[in-house]
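Undergrad: Prediction below, plus the sequence it came from.
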Amino acid sequence: MKRNFKKVLLFISVILLSFFSFKTFAQTASSTTQINAEVLTNIWYSTTTINENDNINIYAGFQNHSTKNLSLTAGFFIDDVQIGKADYVASPKSLIKLSSAYTAEKGGHTAQAKILDIAEVGGSNIDKLSVDNLLAKESEKNSFNVIHQITQQEVINTAKDIANTVADTVSKTTDSVVKTIDTQAEKLATYVESLKTPAEVSSSDTKTSEQIAKEKTTGKVLGISTENTHSASSTVKNTQSFSITNILLDALAFIIRHWVWTLIVVIVIVLIISFR
């Protein structure tokens, strides 16, 4: 009785061991056997011109060259970031279309499709396969450009920015030029003032009243005054001449120092003459 029990136990052990060995072999074989299927190289789009915020579809192809029914999960990536995935079934000897929706963002991008998961469908059983055994598990990266749609508000904002930049530049440049001209104008005005003739002091101003009276007395010969009246009048004229020259030089220095207002006046006069 015990011997029969041992035989039954040994038989069951052999059956279980064979079953697990076969399953392990099958799994190993399925994970190392190349799958005659692939993702096509190219990516294409639902429109040839892509504008910002357009809702488009991105497509890829999957070719099943084998005689197996394949269940797969495909993912789409924009700039290496996954934007969506979906499940598909590829019948033997078939070509299926993979797709994903995408809302376009401005600028240049790359698109790519990848097989994330794959299995063989047989009756009610699904045998897991490795995507690394596919002939190609991902497409090439395809570059595309999304056209930026310029709005009226963006144009206004850009114009304002440009105007502010130009105004700041002009203001800084003008300030620098004005300061330079002011410095040179001050130097020139100082030079003009240095050309003024110092006021002469008449020698009679330093004499006492007694000396002046004595000169007048001794200067009379036979009732005729010998004072140099010509020299005195010449001195007065020269003093007046010198005074007028100094006034003119002061006026010129004033005009130079206030060159801005001088320029404005000149422009106004020119405009008045031009439109007469």
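TA: Right, received. Where do you want to start? Numbers count the residues shown, from 1 in each chain.

Undergrad: after the longest strand belonging to the chain comes which helix or strand?
TA: Longest strand in the chain, counting residues (DSSP state E): strand 107-122. Downstream of strand 107-122, the next assigned helix or strand under DSSP states H and E is strand 125-129.

Undergrad: Give the pairing partners of that next one; include direction for each.
TA: If you go by DSSP bridges, strand 125-129 pairs up with strand 107-122 (antiparallel).

Undergrad: which stretches of the stretch 151-276 of the chain form strands?
TA: 220-221, 224-225 (DSSP state E, counting those that start in this stretch).

Undergrad: before we move on, the earlier item: could you export the longest strand of the chain as CSV, CA atoms only?
TA: Extracted C-alpha coordinates of strand 107-122, given in CSV (Å, rounded to 0.1, in the frame of the first residue of the first chain):
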residue,chain,number,x,y,z
GLY,A,107,7.8,76.1,-32.5
GLY,A,108,9.8,73.2,-33.8
HIS,A,109,9.2,69.7,-32.5
THR,A,110,9.9,66.0,-33.0
ALA,A,111,7.4,63.2,-33.2
GLN,A,112,7.9,59.5,-32.6
ALA,A,113,5.8,56.3,-32.2
LYS,A,114,6.9,53.4,-29.9
ILE,A,115,5.5,49.9,-29.1
LEU,A,116,5.2,49.9,-25.3
ASP,A,117,3.8,46.4,-24.9
ILE,A,118,3.0,43.3,-27.2
ALA,A,119,1.6,39.9,-26.8
GLU,A,120,0.4,37.0,-28.9
VAL,A,121,-3.3,36.3,-28.9
GLY,A,122,-4.3,32.6,-29.3
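
Undergrad: That one - what's its average pLDDT?
TA: Averaged over strand 107-122, pLDDT sits at 95.

Undergrad: Could you list the buried residues of it?
TA: His109, Ala111, Gln112, Ala113, Lys114, Ile115, Ile118, Ala119, Glu120 (16 or more other Cβ atoms under 10 Å). Where you see a C-beta, it was placed from the backbone N, CA and C, and this is true even at glycine.

Undergrad: Can you lay out those residues as CSV showing distance to Phe77?
TA: Output for the buried residues of strand 107-122, formatted as CSV (distance: Cβ to Cβ, whole Å):
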residue, distance to Phe77
His109, 10
Ala111, 7
Gln112, 5
Ala113, 8
Lys114, 7
Ile115, 12
Ile118, 17
Ala119, 22
Glu120, 25
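
Undergrad: Quick check: the farthest pair among those residues?
TA: Based on Cβ to Cβ, the longest span within the buried residues of strand 107-122 runs between His109 and Glu120 and measures 34.5 Å.

Undergrad: Where does Leu72 fall, secondary structure wise?
TA: Using DSSP H and E, Leu72 falls in strand 69-78.

Undergrad: hmm, who's touching that strand?
TA: 35, 37, 39, 58, 60, 62, 64, 82-92, 98, 100, 102, 109-122, 126, 129 (Cβ atoms under 8 Å, 6 or more residues apart in numbering).

Undergrad: And Thr165, what's its pLDDT?
TA: The model reports Thr165 with a pLDDT of 89.

Undergrad: residues contacting it?
TA: With Cβ under 8 Å, 6+ apart, Thr165 has no contacts at all.

Undergrad: now it: how far from Asp175?
TA: From Thr165 across to Asp175, the span is 16 Å (Cβ to Cβ, to the nearest Å).

Undergrad: Count the residues that sit near the nearest residue in space to Val192 that is not next to it in sequence.
TA: Excluding the flanking residues, the one nearest Val192 by Cβ to Cβ, 6 or more residues apart in numbering is Ala253, at 4.5 Å. For Ala253, the tally of surrounding residues (other Cβ atoms under 10 Å) stands at 21.

Undergrad: Number of residues surrounding Leu135?
TA: 13.

Undergrad: looking at this, it is in a strand?
TA: Yes: assessed with DSSP: H, G, I helix; E, B strand; the rest coil, Leu135 lies in a strand.
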